[in-house]
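> Sequence and predicted structure below; questions after.
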Number of protein chains: 2
Amino acid sequence: MPEPVNATAAALLGLLRDGPASGYDLYQRAASELGDFWTVTRSQVYRELTALAERGLVTTGEAGARARRDVALTDEGARAFADWLASDPVGEVVRIPLLLRLAFADALPEARLRDMLAGARAAHAARLAEYEEVERAAQEAGAGDRDLVTLRFGLRYERAVLAWLDEDVRRL
Amino acid sequence: MPEPVNATAAALLGLLRDGPASGYDLYQRAASELGDFWTVTRSQVYRELTALAERGLVTTGEAGARARRDVALTDEGARAFADWLASDPVGEVVRIPLLLRLAFADALPEARLRDMLAGARAAHAARLAEYEEVERAAQEAGAGDRDLVTLRFGLRYERAVLAWLDEDVRRL
DNA sequence: TGGAGCATGTAATGAGTTACATGATTGG
DNA sequence: CCAATCATGTAACTCATTACATGCTCCA
C-alpha cells in the first residue's frame, strides 16, 4: 500500500479532477470552493504539488506565460485521491485565541476585556452576515443543499459563537 | 518594544504565575486547564521553554529526579505575559476534515459516506456527553461561571455540530 | 510608455506532531 | 527484585504562514 496523501494534497488532487491547472489557479479555487474550514496558502499549494509530482500523482506541463506551469492529474493520482476520500476524517482542529485569554481573565484589566469581547462579537457578527448574504444569493441562483453544506456549517458555527458570547461570556 | 511572545509560550508563562514547574507539569496543566480549544504537545512545551529561557522570560533551576528541571517566571516574563494577554486575539482556526470530504462527496460511495457521517455523529455525541458530565460535576463542586466559560463554548460547539449533522447534512 | 496592479512562484521561518530514548517507581 | 508503567525530555519530521522576488498586462 502506497503512502497515503495528506488532506491538503488530496484537496488539490480533487480539484484537478476538473482538468489541469496552475498552482495559482488551484490556490484560488481552494479558497473559493473549499471554504473557511479548510484553508490553504499558496506556499502549501506549491509544496504539495512538488511532492505530488515526485510521487507521480500529477504531471507537470511546459512553462507558459509568467512561469505558469499547469499540472494534471495522473491515473495514480486519481486513485490516491479516491483512497484519501474514503479514509476516516480525523484531525478536527478548533483553536480559539479568545478562549485562551479568557482562561487568564483574572489578570486582564476589565476595560480591555470588554473591548476584546466587543471586537470578537463584531467580527463574528460580520462573518455571520456575510454567510447569510452568500446563502441568500446561492438560493436565488438555485443552488442545492449539496452545495450549501459547508455554508450551513459556517452559519451554525457563527450563531453558536455569538450565543456563547451573548449568553455565557457576558456574565463576567 | 521587545518581540511579542506567541500564544503557546504565553500560555506557559500564564501557568507559571502559580509558581515554578517542570515542562511535564506544564504540559499536564495545559491539557487539563486550557481545554480542548487550545491544545499543546509536550514537544511544544519544551521548545517554547527553551526559547523563553534564552530570552530571559523564565529561569531554569537545577536538575532533580529523572532529569526534571523546574522553570520559574521572571519579572520580564510576567511583563511579556501581560502584554500578550492584552493583545488582540487573532488566529482563530477551525479545520474540519469531514467538511473537506463533503466538498467532494460526489466521488464518495454512498455507503462509505453514510458510515463516515455515522462515525462523526457518534464522536461528537460522545464529546458532548463528556462535557455535560463535566459541567454537572463542576456545578456540584460549586464552580462559578468564570470557570465554566470554556466548557460552555464546548457545549455550544458540539450541539451546533450535531444539529448540523442531523438537520443539514442528513438530506444528502 | 511607464507604472500600478495582478499573476506566479520561491525562500525563510514558525508551529505542531510523531517517534524515540531513558531514568524512576511501584505493585506483584 | 524485576517487569510494567509513569515521568521526563529530545530529535526528526510534517505542516502552515510570512516575507520576498519577479514577470506580465493594461490602461492612463
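That came through, no problem.
> what about the residue positioned nearest the centre of chain A, which SS state?
Centroid-nearest residue in chain A, with CA atoms, centre = their mean: A:Trp38, separated by 2.0 Å. Classification of A:Trp38 by DSSP: H, G, I helix; E, B strand; the rest coil places it in coil.
> and what of the one 5 residues further on?
In the three-state summary, A:Ser43 is assigned as helix, counting by three-state DSSP.
> burial measure for it, as a count.
A:Ser43 has 10 neighbours, counted by other CB atoms under 10 Å in any protein chain shown. (C-beta placed from N, C-alpha, C; glycine too.)
> Over to A:Glu33?
Neighbour count for A:Glu33, taken as other CB under 10 Å: 15.
> and the longest helix belonging to chain A with chain B, contact?
For chain A, the longest helix by residue count, based on DSSP state H, is helix A:110-140. Yes: using CB under 8 Å from any CB of the partner chain, helix A:110-140 reaches chain B at A:Arg112, A:Met116, A:Gly119, A:Ala120.
> near chain B, anything from the next helix or strand after that helix?
Note on helix A:110-140: by DSSP states H and E, the next helix or strand toward the C-terminus is helix A:145-163. Yes: using CB under 8 Å from any CB, helix A:145-163 comes into contact with chain B via A:145-146, A:148-150, A:152-153, A:156-157, A:159-161, A:163.
> before we move on, what SS does the closest residue to A:Ser87 other than its chain neighbours have?
Counting by CB to CB, 6 or more residues apart in numbering or on different chains, A:Pro4 is the residue found nearest to A:Ser87 once chain neighbours are left out, at 6.6 Å. Put simply, A:Pro4 is coil when judged by three-state DSSP.
> what sits against A:Pro4?
A:Pro4 is in contact with A:Ala80, A:Asp83, A:Trp84, A:Ser87, counting by CB atoms under 8 Å, 6 or more residues apart in numbering or on different chains.
> and the gap between it and A:Leu26?
Between A:Pro4 and A:Leu26 the computed distance is 20 Å (CB to CB, to the nearest Å).
> Ends of stretch A:140-148, what's the gap?
Terminal residues of stretch A:140-148 are spaced 12 Å apart (CA to CA, to the nearest Å).
> how about that stretch: buried residues?
Using 16 or more other CB atoms under 10 Å in any protein chain shown as the test for burial, stretch A:140-148 gives A:Leu148.
> what does stretch A:99-110 give?
Residues of stretch A:99-110 classed as buried: A:Leu99, A:Leu100, A:Arg101, A:Leu102, A:Ala103, A:Phe104, A:Leu108 (neighbour count, 16+ other CB under 10 Å).
> quick one: average pLDDT of that stretch?
Averaged across stretch A:99-110, pLDDT comes to 96.
> need the residues of chain A near DNA strand D, please.
Contact residues (CB under 7 Å from any atom of the strand) of chain A with DNA strand D: A:6-8, A:39-44, A:47, A:65-67.
> May I ask which two of the residues of helix A:110-140 next to chain B are separated the most?
Within the residues of helix A:110-140 next to chain B, A:Arg112 and A:Ala120 form the most distant pair, 12.6 Å apart (CB to CB).
> Looking at these two, which is more packed in?
Between A:Arg112 and A:Ala120, A:Ala120 has the larger neighbour count (other CB under 10 Å), namely 21 against 13.
> Setting the sequence-adjacent residues aside, check what's closest to that one.
Nearest one to A:Ala120, counting by CB to CB, 6+ apart, is A:Leu98 at 5.3 Å.
> A:Glu48 reaches A:Leu12, doesn't it?
Yes: between A:Glu48 and A:Leu12 there is a contact at 5.7 Å, judged by CB atoms under 8 Å.
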